[in-house]
Structure formats: C-alpha cells, structure tokens
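Enquirer: just a sequence and a predicted model for now, questions to come.
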Amino acid sequence: MTATRPSDFVRPGNTLLSRLPQHDATELTAGGNQALIVLDEQVYQLRITRAGKLILTK
C-alpha cells in the first residue's frame, strides 16, 4: 500500500488548508487498515483499501 502523507497536500501559501487539522490515516488505524470513528453517538468505520484509498461507512 502506498499512501500519500497529508503534508503532501499542503502547499506553501495555501493558508486555508494549512489551518485545517490533519490526521494520518495510518496513525488512526494504528498501522492496520481499519478504525472506528464516533460522531454524536454514531459509529463510522474508516477503512484503507489495498489500493490505498479511504472508505468511510456508517
């Protein structure tokens, strides 16, 4: 799996993107390929595919 690090998307001078919180998906999944994310008591599943894409499902 080849994942692009979030810092690759922030370009100098792009102040809006540089102010947004950034989270590394591999850290969220603790090096695996799945993590649970909770929002207002709803549980979502974040998954990194073999192709290196992110899927978020409820």
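Expert: That came through fine.

Enquirer: going by C-alpha atoms from here, please, whenever you check contacts or count neighbours.
Expert: Will do.

Enquirer: quick one: mean pLDDT for stretch 37-46?
Expert: Across stretch 37-46, pLDDT averages out at 97.

Enquirer: secondary structure of residue 18: a helix, I assume?
Expert: Yes. With DSSP: H, G, I helix; E, B strand; the rest coil as the criterion, residue 18 is assigned to a helix.

Enquirer: number of residues surrounding it?
Expert: Residue 18 has 14 neighbouring residues, counting by other C-alpha atoms under 10 Å.

Enquirer: for the chain, give me the ranges with low pLDDT.
Expert: Within the chain, the stretches with pLDDT under 70 are 1-14.

Enquirer: now residue 47, nearest residue through space, not along the chain?
Expert: Closest residue to residue 47 apart from its sequence neighbours, by C-alpha to C-alpha, 6 or more residues apart in numbering: residue 34 at 4.5 Å.

Enquirer: can you pull the contacts of that neighbour?
Expert: By C-alpha atoms under 8 Å, 6 or more residues apart in numbering, the residues touching residue 34 are 45, 46, 47, 48.

Enquirer: separate out the buried members of these.
Expert: 46, 47, 48 (16 or more other C-alpha atoms under 10 Å).

Enquirer: narrow the residues you listed to those in helices?
Expert: Of these, none are assigned to helices by DSSP state H.

Enquirer: adding distance to residue 28, write the contacts of residue 34 out as JSON lines.
Expert: Formatted as JSON lines, the contacts of residue 34 follow (distance: C-alpha to C-alpha, whole Å):
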{"residue": "45", "distance to residue 28": "11"}
{"residue": "46", "distance to residue 28": "9"}
{"residue": "47", "distance to residue 28": "10"}
{"residue": "48", "distance to residue 28": "10"}
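
Enquirer: among the residues you listed, which are located in strands?
Expert: Judged by DSSP state E, those include 45, 46, 47, 48 as members of strands.

Enquirer: and the residues you listed, which is closest to residue 23?
Expert: residue 46 (12.6 Å; C-alpha to C-alpha).

Enquirer: what's the burial count for the residue nearest to that closest one when sequence neighbours are not counted?
Expert: Spatially, and ignoring its direct neighbours in sequence, residue 46 is nearest to residue 56 (4.6 Å; C-alpha to C-alpha, 6+ apart). As a burial measure, residue 56 scores 13 neighbours (other C-alpha under 10 Å).
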